[in-house]
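In: just coords:
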């Protein structure tokens, strides 16, 4: 966690330095892309590690059993939406990303990031702005990032959309079985949505 | 001449009003400045304006969270403010700014105030979740104001309504085969058991009745001498001596029962003490109370007794000595009360009885001094939102979740203290049952 925050701070610092330059090539746009790319590298690495090496490893590969002192057991260790009120449960990978994102938002750095999808289990995570609609369509079609800017609440934001891949069988198994999932034919390695990174531009 | 008399009268009236208002700047007199009735959650502390307001007029967000932060965190708040800091929510924030408590909870507006001090229209969920009514076939035709009213969703605490939790508890029996509440962990003993020969009270402070009650109490068995509560001597390992007092308050109890006293001061029984005000009396309450209890003051001893510290009396008779609402009056003779009596006379197993405290001051597992212990949660306010906070730690200890939700959603049944089965199944459970059947 410390390492991730350090990288994010370095990236933002790099962005601010570049914005102060007068390069005719549009330094703001270039530096913003580099900044977003670096932030995404950290987020994507954390996300893949948690989904594959924690959730999939413990719940599917190792089938870890836990004992609840109130209910007894053993019972299978699980990642579930109501993890916080369940003894020994893990946050879902999407929740893990959101928990970190909420802490970053509370820190008031200006940076925000989230998961969006054309097939969201939680409908709050579908495209809401014109850029989000375009970004999700492009990312899921091409598998490549898309960059842009948009005005939200009177402030101009740089926004970058990165393909969010089903890095583990656990991602596919859960999304294909969830009663609220609008799509149930995901395969491991496919694009399931986008990691969206935003920060304000001057 | 008449004009002079009018002016003199005006000056005198203004002076009298000024004096009256100036004299009302302190204590209970401050209530004259209230812009409207305070909600039932805050009326006990309404004369301490500065607890919520900063100089001028503003309400400090921190004032809300100073008292409610922990319970919101424990509830895994479904709509915690940090969820609304993302800039993509800016447009929604113009409709309802969910970052601030006072958006939905405005004080001193009795005509607008609904349950839980909510002052926005009951349709507020649809401001952000309108799509649920159109996207989800299971919710088609539902009313915009029915999300919470139907007992399916809460704004803050959905621990007992989360779909996965409900799915885990589908088709449970109404009552467990051997319903039992967890035994309370004993407080750590202060020393060896004591007898009357050991008492260390000053010679003039040893009334026989008090000594007799103490000798038979758990305090004597746990080595807690008179000075342990009254001060005046130094208990081994308990820090420096305190001066003797005939009437020790909750602070004295907190030395050994810190978690219990903290809970008491978080709830309606002790919140005035926590706010630095004189202790609450039943006359201050807005719920119906017995007439003869009106001027009792609430402290630890008012329920537990000063010297016998009888937890059984504290669990039922102490409550019914003050509370006189329909639910309380219907307790005696209810199935829960019959279980309580049967446990007391030894006919049923330990933990099988259901007292007032079993439900309203439930036993909770907490880390206390680094050790996991089962404590009685003395914050009765924490259980005053039954559909939010009572199902999991209380009802589900003995009953099926479906039965519990359905019972708590039936106001007539609550008033009659659960003397029969609920009249309708839980709406939330029915939805989950249907969705699980329809899922691939």
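Out: Arrived safely, thanks for sending. Keep in mind it's a predicted model, so treat the numbers as computed, not measured. Residues are numbered from 1 along each chain as shown, chains lettered A, B, ... in the order given.

In: CA atoms for contacts and neighbours, from now on please.
Out: Noted.

In: show me which residues of chain A are close to chain B?
Out: Proximity of chain A to chain B, by C-alpha under 8 Å from any C-alpha of the partner chain, involves residues A:80-82, A:84-85, A:102-103, A:105-106, A:112, A:128-129, A:152-153, A:177, A:179.

In: try 6 Å
Out: Contact residues (C-alpha under 6 Å from any C-alpha of the partner chain) of chain A with chain B: A:102, A:106, A:153, A:179.

In: now the buried members of those residues.
Out: Buried positions within the residues of chain A next to chain B, assessed by neighbour count (16 or more other C-alpha atoms under 10 Å in any protein chain shown), are A:102, A:106, A:179.

In: sorry, back to before: could you redo the residues of chain A next to chain B as a markdown table and give each row pLDDT and secondary structure?
Out: Converted to a markdown table, these look like this (pLDDT from 0 to 100; DSSP: H, G, I helix; E, B strand; the rest coil):
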| residue | pLDDT | secondary structure |
| --- | --- | --- |
| A:102 | 94 | helix |
| A:106 | 91 | helix |
| A:153 | 91 | coil |
| A:179 | 86 | coil |
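
In: return the nearest residue of chain B with respect to chain A.
Out: Going by C-alpha to the nearest C-alpha, chain A is nearest to residue B:90 of chain B, at 5.2 Å.

In: that residue: what secondary structure?
Out: Three-state assignment for residue B:90 (DSSP: H, G, I helix; E, B strand; the rest coil): helix.

In: then residue A:199?
Out: strand.

In: so it touches residue A:156, yeah?
Out: No. Between residue A:199 and residue A:156 there is no contact under C-alpha atoms under 6 Å: 8.6 Å.

In: who's more crowded, those two?
Out: Taking neighbours as other C-alpha atoms under 10 Å in any protein chain shown, residue A:199 and residue A:156 compare with residue A:199 leading, 22 against 15.

In: mind listing what the more buried one touches?
Out: Contact analysis of residue A:199 by C-alpha atoms under 6 Å, 6 or more residues apart in numbering or on different chains lists A:110, A:111, A:157, A:158.

In: where does chain B have low pLDDT?
Out: Of all residues in chain B, those with pLDDT under 70 make up the ranges B:20-21, B:23-25, B:27, B:57, B:233-241, B:439-440.

In: typo on my end, it should be chain A
Out: A:1-30.

In: let's see 90
Out: A:1-31, A:68-73, A:85-86, A:108, A:123, A:167-170, A:179-180, A:202 (pLDDT under 90).

In: for it, which helix is longest?
Out: Secondary structure of chain A per DSSP state H: the longest helix is helix A:27-48.

In: so what's the residue count around residue A:45?
Out: When neighbours are counted by other C-alpha under 10 Å, residue A:45 registers 11.

In: excluding its backbone neighbours, what's nearest the residue of chain A found nearest chain B?
Out: Using C-alpha to the nearest C-alpha, the single residue of chain A nearest to chain B is residue A:153, 5.2 Å away. Leaving out its chain neighbours, the residue that sits closest to residue A:153 by C-alpha to C-alpha, 6 or more residues apart in numbering or on different chains is residue B:90, at 5.2 Å.

In: where do the strands sit along the chain?
Out: No chain in the question, so chain A it is. A:65-68, A:72-76, A:112-116, A:146-152, A:155-165, A:191-200 (DSSP state E).

In: that's the wrong chain, I meant chain B
Out: Using DSSP E, the strands found in chain B span residues B:363-368, B:371-376.

In: from residue B:393, how far out is the nearest residue to residue B:421 once chain neighbours are set aside?
Out: Of all residues not flanking residue B:421 in the chain, residue B:407 sits nearest, at 7.2 Å (C-alpha to C-alpha, 6+ apart). Distance, residue B:407 to residue B:393, by C-alpha to C-alpha, to the nearest Å: 15 Å.

In: okay, those two: which has more neighbours?
Out: Neighbours were counted for residue B:407 and for residue B:393 using other C-alpha under 10 Å; residue B:407 has more, 24 against 17.

In: residues contacting residue B:310?
Out: Contacts of residue B:310 by C-alpha under 6 Å, 6+ apart are residue B:304.

In: quick one, phi psi at it?
Out: phi -90, psi 110 (degrees, to the nearest 10).

In: what segments of the stretch 251-400 of chain B are helices?
Out: Ranges of helices within the stretch 251-400 of chain B are B:271-274, B:300-304, B:311-315, B:317-320, B:326-329, B:335-344, B:356-360, based on DSSP state H, counting those that start in this stretch.

In: need those in TSV with mean neighbour count and distance to residue A:46, can you?
Out: Formatted as TSV, the helices of the stretch 251-400 of chain B follow (neighbours: other C-alpha atoms under 10 Å in any protein chain shown; distance: least, C-alpha to C-alpha, whole Å):
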stretch	mean neighbour count	distance to residue A:46
helix B:271-274	20	44
helix B:300-304	19	50
helix B:311-315	17	50
helix B:317-320	17	53
helix B:326-329	16	52
helix B:335-344	18	51
helix B:356-360	20	43
